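**Student:** Structure, please.
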Amino acid sequence: MVNVAESDPRLSGVEYQLSKVEEVIIVVSTKGGVGKSTLTALLGLALAEKGVSTGLLDVDFASPTLHVILGVPARVELEEVMGVKPYKVIDNLYILSPVFFAGETSLPLRGEEDVDALLELFTIGNWEGVNTLVIDTPPGLGDTQLTLFKLLRSVAADKTRVIAVTTPSRLSIKSLERSLPLVEELLHKKPIIVVNMADSFSPRLRVKEYVVAGAIRLDDRLEEAVGSPDKLRMTEAYKDVAAIVDKISRP
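**Tutor:** Numbering: from 1, shown residues only. Have a look, this model is predicted:
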């Protein structure tokens, strides 16, 4: 993990931009292919439908896909006001993605480059008017996630939560179990577990001592719904995510 110096002037910029939101939700997974980005998009749609002004921030520099799921083009006009305003997807839902600045070119950043890109994205993102910011991370626990955890613990600890996504697969659950203590240690928060693609989910399923908040059914209609917020909201998966939002929403 690359440490960010406390004297780095960008930290005050990050703190300022995040001071505008009431809640930050980080969505993580320890393995790829568990549907984390799709869940993030559905989570944003569900929050927006509840009337919560929601921002989605994609910090997967190598392979950002949130914009694809929501049908947002890679090249959009962004309003520059005290930084950059996120792109409006639908009412109450906004998105900021690396593709808006780099196009569809992959950015396989490592070490200092990755941290610099992360800090820049947070510093320029103006989330004025957004209540909840949902952050989609790359799979695994690399420089992006570890730096993000430490950053948010430093400037937004009191309003940050983390959702960890797995599938019912024993391999996926085992991978997640190995990483949860580290996530909790870095964020000082107990992660919320969500089981995706759960065609045979047991409500009694536990991931170590962490209680599963809910499950999302395996939904064949999701693939054809990609790119259309309206179609996504008609899927069974969306209904499951909306139920989870009701369960974990703060009073």
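**Student:** and stretch 214-229, average pLDDT?
**Tutor:** What stretch 214-229 shows for mean pLDDT is 94.
**Student:** Send over that stretch as CSV, restricted to the C-alpha atoms.
**Tutor:** Taking Å, rounded to 0.1, in the frame of the first residue of the first chain, the C-alpha atoms of stretch 214-229 are listed here in CSV:
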residue,chain,number,x,y,z
GLY,A,214,-29.6,-9.9,2.1
ALA,A,215,-29.4,-11.8,-1.2
ILE,A,216,-29.9,-11.0,-4.9
ARG,A,217,-31.4,-13.7,-7.1
LEU,A,218,-29.7,-14.9,-10.2
ASP,A,219,-31.6,-13.0,-12.9
ASP,A,220,-31.2,-13.9,-16.6
ARG,A,221,-32.9,-10.6,-17.5
LEU,A,222,-30.1,-8.5,-16.2
GLU,A,223,-27.9,-9.0,-19.3
GLU,A,224,-30.5,-7.7,-21.7
ALA,A,225,-31.3,-4.8,-19.3
VAL,A,226,-27.7,-3.5,-19.3
GLY,A,227,-27.6,0.0,-20.7
SER,A,228,-31.1,0.9,-19.7
PRO,A,229,-32.0,2.2,-16.2
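**Student:** List the buried residues in that stretch.
**Tutor:** Residues of stretch 214-229 classed as buried: 214, 215, 216, 217, 218, 219, 222, 225, 229 (neighbour count, 16 or more other C-beta atoms under 10 Å). (C-beta placed from N, C-alpha, C; glycine too.)
**Student:** now the helices for this structure?
**Tutor:** All helices of the chain, identified by DSSP state H, fall at 10-18, 36-49, 66-69, 99-102, 111-124, 143-155, 170-187, 222-225, 229-232, 236-248.
**Student:** Okay, angle between the fifth one and helix 143-155 too, please.
**Tutor:** Between helix 111-124 and helix 143-155, the angle formed by their directions is 50 degrees, by axes from the mean of the first three to the mean of the last three C-alpha atoms, to 10 degrees.
**Student:** Convert the C-alpha atoms of helix 111-124 to CSV, please.
**Tutor:** C-alpha atoms of helix 111-124 as CSV (Å, rounded to 0.1, in the frame of the first residue of the first chain):
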residue,chain,number,x,y,z
GLY,A,111,1.6,2.3,-6.9
GLU,A,112,2.0,6.1,-6.8
GLU,A,113,0.2,6.4,-10.2
ASP,A,114,-2.9,4.7,-8.8
VAL,A,115,-2.9,6.8,-5.6
ASP,A,116,-2.4,10.0,-7.6
ALA,A,117,-5.3,9.2,-9.9
LEU,A,118,-7.6,8.3,-6.9
LEU,A,119,-6.8,11.5,-5.1
GLU,A,120,-7.3,13.6,-8.3
LEU,A,121,-10.7,12.0,-8.9
PHE,A,122,-11.8,12.7,-5.4
THR,A,123,-10.4,16.2,-5.4
ILE,A,124,-12.2,17.4,-8.6
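**Student:** Packing partners of it?
**Tutor:** With contacts taken as 3 or more C-beta pairs under 8 Å, 6 or more residues apart in numbering; DSSP states H and E, helix 111-124 sits against helix 10-18, helix 143-155.
**Student:** Show me which pair in the buried residues of stretch 214-229 is furthest apart.
**Tutor:** 215 and 229 (22.5 Å; C-beta to C-beta).
**Student:** Residue ranges in the stretch 1-150 of the chain under the pLDDT threshold?
**Tutor:** 1-7, 106-111 (pLDDT under 70).
**Student:** if we go to 80?
**Tutor:** Residues of the stretch 1-150 of the chain meeting the criterion pLDDT under 80: 1-9, 103-112, 114.
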